[in-house]
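> based on what follows, work out the 3D shape:
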Amino acid sequence: MSKKVKGGLTLQSKREIAKNAASIALGAVALTGFAFRNRIARKAHVVLGVALIGLVALHHSLYPKSADNKKRLVS
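Numbering: from 1, shown residues only. The predicted structure is shown next:
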């Protein structure tokens, strides 16, 4: 059973939306990278790159920060 969180979406739904949005942004960054000679594509590439970083940070923030995860990173 998934609990509804603020905003009316479940935590799992928010994770899926953030993951899918980051995947779409990554694909768009890759596509605009091929058209880098075009000034509009260059600006879009930079904007999409910043959006990708933000979406990845959002996705990361939706997971718990437990002591167990820290132990696995250290050892």
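> please make it C-alpha for all contacts and neighbour counts, starting now.
OK.
> who's in contact with Ala25?
Residues in contact with Ala25, defined by C-alpha atoms under 8 Å, 6 or more residues apart in numbering, are Leu48, Gly49, Ala51, Leu52.
> go through those and flag which are in helices.
Judged by DSSP state H, helices contain the following of the contacts of Ala25: Leu48, Gly49, Ala51, Leu52.
> distance of the last one from Asn20?
From Leu52 across to Asn20, the span is 11 Å (C-alpha to C-alpha, to the nearest Å).
> go on, the second one?
Plainly put, Gly49 is 15 Å away from Asn20 if you go by C-alpha to C-alpha.
> comparing those two, which shows the higher neighbour count?
Neighbour count, other C-alpha atoms under 10 Å: between Gly49 and Asn20, Gly49 has more, with 17 against 14.
> measure that one to Ile17 for me?
From Gly49 to Ile17 the distance is 18 Å (C-alpha to C-alpha).
> which residues in the protein form helices?
Using DSSP H, the helices found in the chain span residues 11-34, 39-61, 67-74.
> and the angle from the second one to helix 11-34?
Computed with axes from the mean of the first three to the mean of the last three C-alpha atoms, to 10 degrees, the direction of helix 39-61 lies at 150 degrees from that of helix 11-34.
> may I see the ones in helices among the contacts of Ala25 organised as JSON lines, with pLDDT and distance to Ile40 added?
Formatted as JSON lines, those follow (pLDDT from 0 to 100; distance: C-alpha to C-alpha, whole Å):
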{"residue": "Leu48", "pLDDT": "96", "distance to Ile40": "12"}
{"residue": "Gly49", "pLDDT": "96", "distance to Ile40": "14"}
{"residue": "Ala51", "pLDDT": "96", "distance to Ile40": "16"}
{"residue": "Leu52", "pLDDT": "96", "distance to Ile40": "18"}
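> pipe those residues into CSV and attach distance to Thr10 per row.
Converted to CSV, the ones in helices among the contacts of Ala25 look like this (distance: C-alpha to C-alpha, whole Å):
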residue, distance to Thr10
Leu48, 26
Gly49, 27
Ala51, 23
Leu52, 22
